[in-house]
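Engineer: Fold the stuff below for me.
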Amino acid sequence: MARKTARDKPQSGSPEVPVAHRRGSRRRWWIAASITLTIGAVGAQGPWWFANQSLKQRDANAALGWLNWAERCGTDKGTIAIARNRAFLQLGQFEEVREQLLLANTLGVSRERIQREEWLAFAQSGQMEIAEPHLSDLLVSQDIPVGETCAAYAAGFLLTARPGEALQLIEAWLKDEPGAHQAYYLRGQTHASVKQFAAAEEAFQQALKLAPERNDVLLALAESLLELQRPEDAQPYFQRAAEARGFVDADRARLGWARAARRQGDSAIAEQLLTDITNRCPERAEVWEELGRAQSDRGATDEAIRSLEQAVALQPATVSARQALGTTLAAAGRADAAQPHLDYTAQALADLERLRLLEDSAEKAPRDVETRWEIAELYRRYDTPDQAMAWARSVLLLEPAHEGAMQLLATQGRILQQE
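Structural biologist: Numbering: from 1, shown residues only. A predicted model of the protein is given here:
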């Protein structure tokens, strides 16, 4: 065996570094060097270039990081404020959007440019009565990409219960940019909003193919598959989304994972996932409901009743929770306790059947304010705030002074803000 020389031996006080660690260090060095060389190749505006690429990929958090770097490298502060506004718009953080546009104004960005950015924000937040007249102007604007405009306005159409117009805009966008993963994502959301889950699945699959790193697409695809009664196909996507580092909707993905597992007969995994969420977020009514169902599946009736009672206490108008509680109480021989929940469920199911008929009527007569308002009220009654607000906004587009719609939006907005 060859003897080690002094050159081979580690210096005193410096432990010998394992080979694997040295290789890992070299790999990290090469990654850092590659990034540095890439930025150098792009030039002094390297961070700004990467920020724009991140915005195009709808990776808003990465864009914000690159914009911080670009600002330190001397990129114009007004330009940075406009780009940050765009990143916060992608994240749906409208208060931050407003602050960045105010900052852009103080930094000398033209009023016309700021106004165009405001129209995007109005569209994406569903204020289409302000935004819609400016769609044509934005589509020919030189400083706002067509994809950003289409994404914001498609979201606005969905927020005002106008899926047909959203889909029309998305299809035009895809003709112009056939590789736009956000267009496919919004196409999927549009189909899902009208319960066309097979078409939604197809769109989400295409979005995922174009942008495999998007966890929101993973989750939307999984939820569509679950709606199509394919829990075995949905579960891997839920799991990937739930385990993705830093994903803001990880608990929603865990809830979906639990639902998929329970429908495949694995109530133990479902209970484990759901109990973990309730320990951290005890205010999630839908999690308590699903936990109660999983407990009922394994015959733990008393535990199931307690979980379902917690779900109903948190959201008394939720039909599925009331029905599950009533059925479980009746099966436990507690008919008197079950009856109010079963009565409520019977009335609710009749109302929801009427709701489906009203939605069909609204599609055939899109300017019928009374039909749209009745739909909004039914969604509010049965604790579906997003849909209630969408239909109320659609009422205001037709009748801007409608007091009921204004009050519903104000009330639901306060509730959501508190939550």
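Engineer: how's this structure carved up into domains?
Structural biologist: Using automatic domain parsing, the domains assigned to the chain come out as 265-353, 365-419.
Engineer: Output the ones you listed in JSON lines; the columns should cover distance to Trp48, mean neighbour count and mean pLDDT.
Structural biologist: Backbone N, C-alpha and C define where each C-beta goes, glycine included. What follows is the domains of the chain, written out as JSON lines (distance: least, Cβ to Cβ, whole Å; neighbours: other Cβ atoms under 10 Å; pLDDT from 0 to 100):
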{"stretch": "domain 265-353", "distance to Trp48": "39", "mean neighbour count": "18", "mean pLDDT": "96"}
{"stretch": "domain 365-419", "distance to Trp48": "35", "mean neighbour count": "17", "mean pLDDT": "89"}
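Engineer: and of those, who's closest to Ala211?
Structural biologist: Of all the domains of the chain, it is domain 365-419 that lies closest to Ala211, at 24.3 Å by Cβ to Cβ.
Engineer: From the chain's centroid, how far away is that closest one?
Structural biologist: 21 Å (Cα atoms, centre = their mean, to the nearest Å).
Engineer: Equivalent analysis for stretch 185-205, please.
Structural biologist: Using Cα atoms, centre = their mean, the offset of stretch 185-205 from its chain centre is 14 Å.
Engineer: All further residue positions should be reported with the first residue as 47.
Structural biologist: Understood, numbering begins at 47; the last thing we discussed is stretch 231-251.
Engineer: Give me the spatial nearest neighbour of the most centrally placed residue in the chain, chain neighbours excluded.
Structural biologist: Centroid-nearest residue in the chain, with Cα atoms, centre = their mean: Asp262, separated by 6.1 Å. Nearest non-adjacent residue to Asp262, counting by Cβ to Cβ, 6 or more residues apart in numbering: Asp295, 6.9 Å away.
Engineer: thinking again about what came up before, the domains of the chain: which one's closest to His180?
Structural biologist: Short answer: domain 411-465, nearest of the domains of the chain by Cβ to Cβ, at 14.8 Å.
Engineer: So Gly292, which state does it fall into?
Structural biologist: At Gly292 the chain is in coil, as set by DSSP: H, G, I helix; E, B strand; the rest coil.
Engineer: Run a quick neighbour tally on it.
Structural biologist: 7 (other Cβ atoms under 10 Å).
Engineer: From Leu301, how far off is it?
Structural biologist: Gly292 is 18 Å from Leu301, where distance means Cβ to Cβ, to the nearest Å.
Engineer: How about Gln285?
Structural biologist: 12 Å.
Engineer: The two: which is more packed in?
Structural biologist: Neighbour tally, Gln285 and Leu301, criterion other Cβ under 10 Å: the higher count belongs to Leu301, 23 against 19.
Engineer: so what's the more buried one up against?
Structural biologist: Counting by Cβ atoms under 8 Å, 6 or more residues apart in numbering, Leu301 touches Leu319, Leu320, Ile323, Arg330, Glu332, Val333, Glu336.
Engineer: The fifth one - nearest residue in space that isn't next to it in sequence?
Structural biologist: If I follow you right, that is Glu332. Leu301 (6.7 Å).
Engineer: same question, the first one
Structural biologist: Excluding the flanking residues, the one nearest Leu319 by Cβ to Cβ, 6+ apart is Ala304, at 4.2 Å.
Engineer: Verify the contact between that neighbour and Ser313 for me.
Structural biologist: No. In this structure, Ala304 is not within contact of Ser313 by Cβ atoms under 8 Å, at 9.2 Å.
Engineer: where do the contact lists of the two overlap?
Structural biologist: Shared contacts of Ala304 and Ser313, counting by Cβ under 8 Å, 6+ apart, come down to Ala340.
Engineer: Show me the contacts of Leu301 that map onto helices.
Structural biologist: Members of the contacts of Leu301 lying in helices (criterion: DSSP state H): Leu319, Leu320, Ile323, Glu332, Val333, Glu336.
Engineer: burial of the nearest residue to Asp222 once chain neighbours are set aside, as a residue count?
Structural biologist: The shortest distance from Asp222 to any non-neighbouring residue, by Cβ to Cβ, 6+ apart, is to Val192 (6.0 Å). Neighbours of Val192 under the rule other Cβ under 10 Å: 16.
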